[in-house]
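**Q** Here's my sequence, what's the structure:
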Amino acid sequence: MTAIAERPAVGHRTRPLALVGAYVSLTKPKLVELLLVTTLPAMMLAAGGWPGTGLVVATMVGGMLAAGAANTINCWYDRDIDRIMSRTRDRPTVTGVVPPRAALTFGVMLAWISLVVLGVFTTPLATILAAVAMLAYSVFYTMVLKRRTHHNTVFGGLPGAAPVLIGWAAVTGSLAWPAVVFFGIVFCWQMPHFWALASRFRYDYFRAGVPMLSVVAGPVSVGKQSAAWAWGTLAVSALMVPVTPQLGWIAGAPIVALGIWYVAESHAWLRRIRGGGADRPMKLFSVSITYMTLLSIALVVDVLV
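**A** Okay, here's the model as predicted:
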C-alpha cells in the first residue's frame, strides 16, 4: 500500500451528489469512454453486423465497469504522487473526499460486478480477458512497472488495447486475425498518444519520480520514438482490410488516410521539437483521439453498409 499522510478532512459533510461525482471521477470517465470507442467496432466486425442490443449493452457495461475498476485502484495506489502533480492533485483520493479504504473497496466492487455481468451475459473468454486486463493495469502496470521503468507505457498499452479482444470474444467466444490486427492498431497508437501527454506534463512526472519516457529521455528521442510508433500504427492498420473479408474500400480508404495523417502529425511534432520553439505536444494528443474515433466510425459504417 502507498503510505502518505492524507489531507485533513473538510470541515463539512460532502453533499451526496458531489460525493457520487467524486466516486465517478475515480473511474476516469473520459479514459473509459475512449476505451469503449474500440469495443463496439470489434463486436460488429465479429458479428458481421449488429450483434444484438442485449449483448452490446452487457459488454459495454461490463467493459465500462472493468476499466473503471482498474482506474479506481490506480487512483487509490497513486494518491501519493497524484498529490505532487498539478494534473491530478484535485482527485478525491488526494483531497480526502473519498478515503483510501473506501476507494479501494469501490474499485474491487466494480471489478467483481464487471466480471459477473460479463460472465452471465457474454462468454467465458471475454470474462477472462477482462480479468487479465484489470490485473495487468491495476497491479502490474500501476504497482510494479510505472515507478520502475520507462517501458511502463508500452506494457500499459496491452490492457489499454484489451477492449478490442473483449468485444470480439463477447460475440464469438474466440479470437481471430481481425481482432488481433485491430488490437495491434490500438496498441501501437497508444505510444504517441500517451507520450505526447506525458511530454506536456513531464515536469510533474519528474517531481513525482515517475520515469516516463519524457523524463528519462530527451525531447528529440521522445519525438523520434513517437514517430516510429505512428509508422507502426499505419503498417498494422494496412493489414486490417486484407484479414477482414467483410471490409472494403469504405473502411480501407479512411484507415490508410488516417494512418498517414497520424504519421504526418507525429513528424510535425518532431520538427517542432527540433526547432527549439513551443513543441505543442497536446496537438498530437488531440489528433490521436480524433484518429481513433474516426477509425472506429469507419469500421462501423463499412460493416453496416
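**Q** C-alpha from now on. contacts and neighbour counts both.
**A** Noted.
**Q** Where does the prediction get shaky in the chain?
**A** The chain contains residues with pLDDT under 70 at 1-13.
**Q** What is the longest helix of it by residue count?
**A** Ranked by residue count and defined by DSSP state H, the top helix of the chain is helix 249-275.
**Q** Check which helices and strands the helix or strand that it is followed by sits against.
**A** Toward the C-terminus, helix 249-275 is succeeded by helix 281-304 as the next helix or strand (DSSP states H and E). Applying 3 or more C-alpha pairs under 8 Å, 6 or more residues apart in numbering; DSSP states H and E, one finds that helix 281-304 contacts helix 39-47, helix 177-200, helix 249-275.
**Q** swap the cut-off to 10 Å and go again
**A** When contacts are defined as 3 or more C-alpha pairs under 10 Å, 6 or more residues apart in numbering; DSSP states H and E, helix 281-304 packs onto helix 29-36, helix 39-47, helix 177-200, helix 219-237, helix 249-275.
**Q** which parts of the third one are buried?
**A** Going back to what we said before, that points to helix 177-200. Using 16 or more other C-alpha atoms under 10 Å as the test for burial, helix 177-200 gives 178-179, 181-200.
**Q** contacts for the helix or strand following that helix?
**A** Per DSSP H and E, the first helix or strand lying C-terminal to helix 177-200 is helix 202-208. Applying C-alpha atoms under 10 Å, 6 or more residues apart in numbering, the contact partners of helix 202-208 are 80-88, 147, 195-196, 198-199, 209-216, 219.
**Q** repeat that for 6 Å
**A** Here helix 202-208 makes contact (C-alpha atoms under 6 Å, 6 or more residues apart in numbering) with 81, 85, 214-215.
**Q** Check stretch 126-140 too.
**A** Applying C-alpha under 6 Å, 6+ apart, the contact partners of stretch 126-140 are 70, 74, 115, 118-119, 159, 166, 169-170.
**Q** before we move on, what about stretch 231-239?
**A** 185, 188-189, 259, 263.
**Q** In the helix or strand hosting A130, which of the residues would be classed as buried?
**A** A130 is located in helix 124-135, with elements delineated by DSSP H and E. The neighbour-count check on helix 124-135 (16+ other C-alpha under 10 Å) flags 124-131, 133-135 as buried.
**Q** on that earlier part again, could you identify which of the helices and strands packed on helix 281-304 is most buried?
**A** Greatest average neighbour count among the helices and strands packed on helix 281-304 goes to helix 39-47 (a mean of 24), per mean count of other C-alpha atoms under 10 Å.
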